[in-house]
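*Asks:* Okay, structure incoming, though there's no sequence with it:
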């Protein structure tokens, strides 16, 4: 990279663009990153009249801000985001489901969110999507600390932390540790509201 100036972001038809005013060694413009928010929204299902959940006030505006913040990071850095989400005690306070079932639901829900982000051309790594199948395949005896040590390798190599605001995210010990780790290393932390239609419960 020869030179990098300020970035500019603009929205058009649900697409958010972050452009680097930089030039490569041969004088060509640097890459332009486009975040297709419309593809993310396309995964939203229509709420039925009997739905028990509803979007929180201003959730759509907060989601749009999250996409702009993501675009800002992608305009400056290349790599993948780390996607933080609750797991160990997911839905524990709101259901009577067995632990194994709750963990399976946590895995399904965050995998859907990761898929939505990937469809929107936002590169993410989800430690739960990665580690849950490994745990169920025989690594279930690893301690929480051992899992966190593994996750930190991926977090430290990421370009930023996206926090999926799934139920109980703000009380999750793992998510709190990941947020603190990201802040300690100067990584951006972006909270992403989650559409209830992407969740199982």
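*Replies:* Received it, and whenever you're ready, just let me know what you need. Keep in mind it's a predicted model, so treat the numbers as computed, not measured.

*Asks:* in terms of contact count, name the helices or strands touching the host helix or strand of residue 163.
*Replies:* Assigned by DSSP states H and E, residue 163 belongs to strand 161-165. On a contact count with 3 or more CB pairs under 8 Å, 6 or more residues apart in numbering; DSSP states H and E, strand 161-165 meets strand 81-84, helix 99-119, helix 173-184, strand 189-193. (C-beta placed from N, C-alpha, C; glycine too.)

*Asks:* Figure out which of these is closest to residue 139.
*Replies:* Residue 139 lies closest, by CB to CB, to one member of those: helix 99-119, at 13.0 Å.

*Asks:* what comes up buried for that closest one?
*Replies:* 102-107, 109-114, 116-117 (16 or more other CB atoms under 10 Å).

*Asks:* after that helix comes which helix or strand?
*Replies:* Taking DSSP H and E, what comes next after helix 99-119 is strand 124-125.

*Asks:* Could you export the buried residues of helix 99-119 as a markdown table, including pLDDT and distance to residue 68?
*Replies:* Listed next are these as a markdown table, based on pLDDT from 0 to 100; distance: CB to CB, whole Å:
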| residue | pLDDT | distance to residue 68 |
| --- | --- | --- |
| 102 | 91 | 33 |
| 103 | 91 | 33 |
| 104 | 93 | 33 |
| 105 | 92 | 30 |
| 106 | 93 | 28 |
| 107 | 93 | 29 |
| 109 | 93 | 24 |
| 110 | 94 | 22 |
| 111 | 94 | 25 |
| 112 | 92 | 23 |
| 113 | 93 | 18 |
| 114 | 92 | 20 |
| 116 | 89 | 17 |
| 117 | 90 | 15 |
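
*Asks:* Just send these back as CSV, with distance to residue 198 too.
*Replies:* Output for those, formatted as CSV (distance: CB to CB, whole Å):
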residue, distance to residue 198
102, 17
103, 18
104, 16
105, 12
106, 13
107, 13
109, 7
110, 9
111, 10
112, 5
113, 6
114, 10
116, 6
117, 11
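
*Asks:* Let me know how buried residue 122 is, in neighbour terms.
*Replies:* Using other CB atoms under 10 Å, residue 122 has 25 other residues around it.

*Asks:* Do I have it right that it meets residue 81?
*Replies:* Yes: counting by CB atoms under 8 Å, residue 122 touches residue 81, with 6.8 Å between them.

*Asks:* Now do the shared contacts for these two.
*Replies:* Residues touching both residue 122 and residue 81 by CB atoms under 8 Å, 6 or more residues apart in numbering: residue 70.
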